[in-house]
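Asker: A structural model of the following input is requested.
(one chain, ligands or ions: 2)
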Amino acid sequence: MQYRRFGQTDLRLSVFSLGTMRGLDHPGTFEATLERALDLGINHIETARGYGPSERWLGDWLHRRGRPQNLVLTTKIPPQPSREAMAQLLADSLERLRVPTIDCLAIHGLNTPEHLTWVQDPQGCMAAVRQAQENGQIGHVGFSTHGPRDVIQFAMETGLFSFVLLHYYYFFQRHAPLIALAQDLDLGLFIISPGDKGGMLYTPPEALRQVCQPFDPLFLTYRWLLSQPGITTLSTGPACPEELDVLTELAHRTDPLTPSETAALARLDQRPAATLGTDLCRQCYECLPCPEAIHIPEVLRLRNLTLAYDMQAFGEYRYRMFENAGHWFPGRKANRCTDCGDCLPRCPENLDIPALLRDTHNRLKGPDRRRLWDD
Ligand code: SF4
Ligand code: SF4
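Answerer: Ligands and ions are numbered 1, 2, ... in the order given. Next up is the predicted model:
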């Protein structure tokens, strides 16, 4: 296992971190996965208040076996409108984890301008976090986010945080400028779930496999991330110990990309333009805002991936989240388009956006759910 400095926290983290959002069917599987992670040299375990029994099961395991030396623990708590609410949630998490202190606390889902106002209020939720730091209950403070780039940049520049948990993947490079900014600010950089949210790469479609040959898509895209020295660690969220096997080789690979890896990535790069031709959305975001609150670039990103790499299942998985996940995945479904035409003159690619949105909706809306009363 390779280790990297986690920005200004000065912690040294394994280049893979164990996320504990999955594997929650049985405590035995959960604990076997934790043990396997330690065997591989992973020294950072990440949980969250919102991950079902994860904090409690992790706490039970730590209590029984003793907290391994040098193990870095992170938990996450959503931003709160008041100091009192945050103080209570912090106390709850420490009680479930059965530890007097955690190394890192991340504000979980700093996604909106309203959340920014909460964390900037000197008497607000961050006052409780600072108090816990002064009491020695928390080491370092960061945030995770699913928000737009301007919200993330603002949060990074507040000076309140020493690390950030970010969505940034080979198939979603919108946040590349934030990677550079994190390096400038010396923030630790943790990439959220590249195997799953980065494209459901544990089960890649055959077309994607073919383009990546001779590499596995998960391996190649992990390599792409780890070849960037500003990135500290990638979260992996296995459902069972066997899903960590892929790391046996990767955990040692932080060297620059090899010529054959670079060639495979070049084939990946060329594929969307070759497949989509003049229908390719280049993700410039110039078309926003849409008066119907359709997240046009994200809808068309899913269309790009579906057509270029046959990532249909991933497209459906993410498309289903529009109108179903609040500020965690903002935007309305593509069939809300009223053909108002506002976006059209802003698109430098002259795309027929309403037509492409309709096409995407039809491709990715998935099967209509049968209603019980249809029987
Ligand atoms: S044409 Fe459709 S997608 Fe474009 S701005 Fe109008 S409603 Fe939004
Ligand atoms: S302006 Fe055009 S190319 Fe740019 S993100 Fe919007 S639809 Fe895509």
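
Asker: got the buried residues for stretch 81-88?
Answerer: When neighbours are counted by 16 or more other Cβ atoms under 10 Å, the buried residues of stretch 81-88 are found to be 83, 85-87. Every C-beta, even on glycine, is put in place using the N, C-alpha and C of the backbone.

Asker: Where helices are concerned, which of those residues count?
Answerer: With helices taken from DSSP state H, the overlap with the buried residues of stretch 81-88 comprises 83, 85-87.

Asker: which one among the residues you listed gets closest to residue 325?
Answerer: The nearest member of those to residue 325, counting by Cβ to Cβ, is residue 85 at 22.0 Å.

Asker: From ligand 1, how far off is the nearest residue to the closest one once chain neighbours are set aside?
Answerer: Residue nearest to residue 85 in three dimensions, not counting chain neighbours: residue 125, with 6.9 Å by Cβ to Cβ, 6 or more residues apart in numbering. Look at residue 125 and ligand 1: by Cβ to the nearest ligand atom, to the nearest Å, they are 35 Å apart.

Asker: Same question for residue 273.
Answerer: Residue 273 sits 23 Å away from ligand 1, taking Cβ to the nearest ligand atom as the criterion.

Asker: how about that residue, what does it touch?
Answerer: Neighbouring residues of residue 273 by Cβ atoms under 8 Å, 6 or more residues apart in numbering: residue 280.

Asker: That one - that's part of a helix, no?
Answerer: Yes - under DSSP: H, G, I helix; E, B strand; the rest coil, residue 273 sits within a helix.

Asker: Can you name the residues of the chain sitting close to ligand 2?
Answerer: Contact residues, the chain versus ligand 2 (Cβ under 6 Å from any ligand atom): 281-287, 296-297, 300, 346-347, 349, 351, 353.

Asker: Also within reach of ligand 1: list those from those residues.
Answerer: 296, 353.

Asker: For the stretch 201-350 of the chain, just list every one of the strands.
Answerer: Residue ranges of the strands in the stretch 201-350 of the chain, as given by DSSP state E, counting those that start in this stretch, are 233-236.

Asker: model confidence over stretch 339-351, on average?
Answerer: Per-residue pLDDT values over stretch 339-351 give a mean of 98.

Asker: What are the buried residues along it?
Answerer: 343, 347, 351.

Asker: out of the residues you listed, who's nearest ligand 1?
Answerer: Proximity of the buried residues of stretch 339-351 to ligand 1 (Cβ to the nearest ligand atom) peaks at residue 343, which lies at 3.3 Å.

Asker: hmm, who's touching the helix or strand bottoming out on mean pLDDT in the chain?
Answerer: Ranked by mean pLDDT, DSSP states H and E, the helix or strand of the chain with the weakest confidence is helix 247-250, at a mean of 87. Helix 247-250 is touched from outside by 16, 40, 219, 222-223, 226, 236, with contacts defined as Cβ under 8 Å, 6+ apart.

Asker: ditto for stretch 38-51
Answerer: Around stretch 38-51, the neighbours that count as contacts under Cβ under 8 Å, 6+ apart are 1, 3, 12-14, 16-21, 24, 34, 37, 54-55, 58, 68, 70-78, 89, 92-93, 97, 108, 190, 233, 235, 244, 247-248, 251.

Asker: Alpha carbons of it, as PDB, please.
Answerer: In PDB, the C-alpha atoms belonging to stretch 38-51 read as follows (Å, rounded to 0.1, in the frame of the first residue of the first chain):
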ATOM      1  CA  LEU A  38      -6.400  -3.600   7.500                       C
ATOM      2  CA  ASP A  39      -4.500  -6.600   6.000                       C
ATOM      3  CA  LEU A  40      -4.100  -4.700   2.800                       C
ATOM      4  CA  GLY A  41      -2.600  -1.700   4.600                       C
ATOM      5  CA  ILE A  42      -5.600   0.600   4.500                       C
ATOM      6  CA  ASN A  43      -5.300   3.000   7.400                       C
ATOM      7  CA  HIS A  44      -8.300   5.200   6.800                       C
ATOM      8  CA  ILE A  45     -11.900   4.200   7.600                       C
ATOM      9  CA  GLU A  46     -14.800   6.400   6.700                       C
ATOM     10  CA  THR A  47     -18.300   6.300   7.900                       C
ATOM     11  CA  ALA A  48     -21.300   8.600   8.300                       C
ATOM     12  CA  ARG A  49     -24.200   9.300  10.600                       C
ATOM     13  CA  GLY A  50     -26.400   8.600   7.600                       C
ATOM     14  CA  TYR A  51     -25.000   5.100   6.800                       C
END
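
Asker: now it: how far from the chain's centre is it?
Answerer: Mean C-alpha position of stretch 38-51 versus that of the full chain (Cα atoms, centre = their mean, to the nearest Å) differs by 15 Å.

Asker: The residue nearest to residue 85 and ligand 2, how far apart?
Answerer: From residue 125 over to ligand 2 the distance is 34 Å, taken as Cβ to the nearest ligand atom.
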